[in-house]
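Q: Sharing a model that was predicted from the sequence below.
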Amino acid sequence: MSAVLSLRASGPRHFLDLKDFSGAELRALLDSAINLKHTRRTGKKPLTGKTLAMIFEKPSTRTRVSFEVAVKELGGDAVVLSAREMQLGRGETIEDTANVLSRFVHGIMLRTDAATKLHDLARCASIPVINGLTELSHPCQLMADIMTFEEHKGPIAGQKLAWVGDGNNVAASFIEAAARFNFSLRLACPAGYMPRAEVLDWAKAEGADVQVGADPAWAVENAACVVTDTWLSMSDSEDQAAARASTFAPYQVTAGLMEKAAKGAIFQHCLPAHRGEEVAAEVIDGPASVVFDEAENRLHAQKAILAWAME
């Protein structure tokens, strides 16, 4: 952790997007996460006496439980807030919310569908702000994904990974991760669901080995890891869901598609999953699947982020 601490010693230590950090800084966080996992029952309590405010504008299972357990295992406490319970949901400004919470707690985790809220909160708060998910990115998930990959397949640098499906917020963070951790990434997405142009332009400027196409077989060929995500958004209507299902049907990760990947390839999914839609049951429940290791590693990766940001 010392490498990260020395590089970011002044001002609140926000964790908003992977692109905000160097590869060395993210590697230091992963090293800390591994140590915290190995010393889970015997480790130090660097957040004793500190409190994390967790704001949820979108429903959550893994994010809520993993963050709340993480801060408590580090010796701290958590206050869980929903938009319905806060004055923020009744018209109070982000600026006022940030200033008030900065007087009460020692860090804020926000899960929202508006990245502008996250960045406004970070701009106005005098305490660390952590991105628990926005519609544009999901960096905490990617830290867990990289950690999980390396537990099963060794160093990720120089490896080839494949993304199949919607070029969504998790895909965007995978693109940022490819640049920072030096792996190759191939994304297969239907027309109209490609990753945002600004994310791809950023990756190109960073010299990342990121390519986008429409053919899942092309993407997964010889890949060490195949990744997908749900086709549906929580805000989709029934008609939208039906249209998406038709569009994405050729992008289901099946056993046949996994056979085109490298020997011993693993399968990742951030969950929740819909068997028979984005992934076949025989894949997600089969020997290649590491999805529950991913879910567990959210806890350990986020402990490292919390300890860095708040201690």
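A: Now that the structure is in, tell me what you want to look at.

Q: wouldn't Cys140 be in contact with Leu299 here?
A: No: at 10.4 Å, Cys140 does not count as touching Leu299 under the criterion of CB atoms under 8 Å. Placement of C-beta: from N, CA and C, glycine included.

Q: More neighbours: the two, which one.
A: Neighbour count, other CB atoms under 10 Å: between Cys140 and Leu299, Cys140 has more, with 25 against 21.

Q: Reduced to three states, what does that one come out as?
A: Look at Cys140: counting by DSSP: H, G, I helix; E, B strand; the rest coil, its state is helix.

Q: ok, Ala157 - contacts?
A: Contacts for Ala157 (CB atoms under 8 Å, 6 or more residues apart in numbering) come out as 181-183.

Q: Dump those residues to TSV, plus neighbour count.
A: What follows is the contacts of Ala157, written out as TSV (neighbours: other CB atoms under 10 Å):
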residue	neighbour count
Phe181	24
Asn182	16
Phe183	23
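
Q: Now flag whichever of the residues you listed is closest to His152.
A: His152 lies nearest to Phe183 out of those, by CB to CB, at 14.1 Å.

Q: Out of the contacts of Ala157, list just those in helices.
A: Phe181 (DSSP state H).

Q: Could you save the contacts of Ala157 as TSV and add columns showing pLDDT and distance to Ala309?
A: Formatted as TSV, those follow (pLDDT from 0 to 100; distance: CB to CB, whole Å):
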residue	pLDDT	distance to Ala309
Phe181	98	20
Asn182	98	25
Phe183	98	25
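
Q: and which of the contacts of Ala157 is nearest Trp218?
A: Distances from Trp218 to those, taken by CB to CB, are shortest for Phe183, at 17.3 Å.

Q: Contact partners for the closest one?
A: 156-161, 177, 209.

Q: could you redo the last one with a cut-off of 6 Å?
A: 156, 159, 161 (CB atoms under 6 Å, 6 or more residues apart in numbering).

Q: again with Arg244
A: With CB under 6 Å, 6+ apart, Arg244 has these contacts: Trp231.

Q: pretty sure it is in a strand, no?
A: No: read with three-state DSSP, Arg244 is helix and lies in no strand.

Q: neighbours of Ile130, just the number please.
A: With other CB under 10 Å as criterion, Ile130 counts 25.

Q: State the distance from it to Ile305.
A: 6 Å (CB to CB, to the nearest Å).

Q: swap in Pro155?
A: 21 Å.

Q: Might one say that Phe248 is in contact with Asp229?
A: No: with contact defined as CB atoms under 6 Å, Phe248 and Asp229 do not form a contacting pair (10.5 Å).

Q: Compare those two and say which is more crowded by neighbours.
A: Neighbours were counted for Phe248 and for Asp229 using other CB under 10 Å; Asp229 has more, 25 against 21.

Q: Could I get the contacting residues of that one?
A: Contacts of Asp229 (CB under 6 Å, 6+ apart): 165, 170.

Q: do that again at 10 Å, thanks
A: 138, 141, 163-171, 174, 268-273, 278-279 (CB atoms under 10 Å, 6 or more residues apart in numbering).

Q: Most neighbours among the contacts of Phe183, which one?
A: Leu161 leads the contacts of Phe183 on contacts (other CB under 10 Å) with 29 neighbours.

Q: now it, nearest residue through space, not along the chain?
A: Nearest non-adjacent residue to Leu161, counting by CB to CB, 6 or more residues apart in numbering: Cys225, 4.6 Å away.

Q: Phi first, then psi, for Ala78.
A: phi -130, psi 140 (degrees, to the nearest 10).

Q: mind checking how far it is from Ile108?
A: 11 Å.

Q: More neighbours: those two, which one.
A: Set Ala78 next to Ile108 and count neighbours by other CB under 10 Å: Ile108 wins out with 28 against 20.
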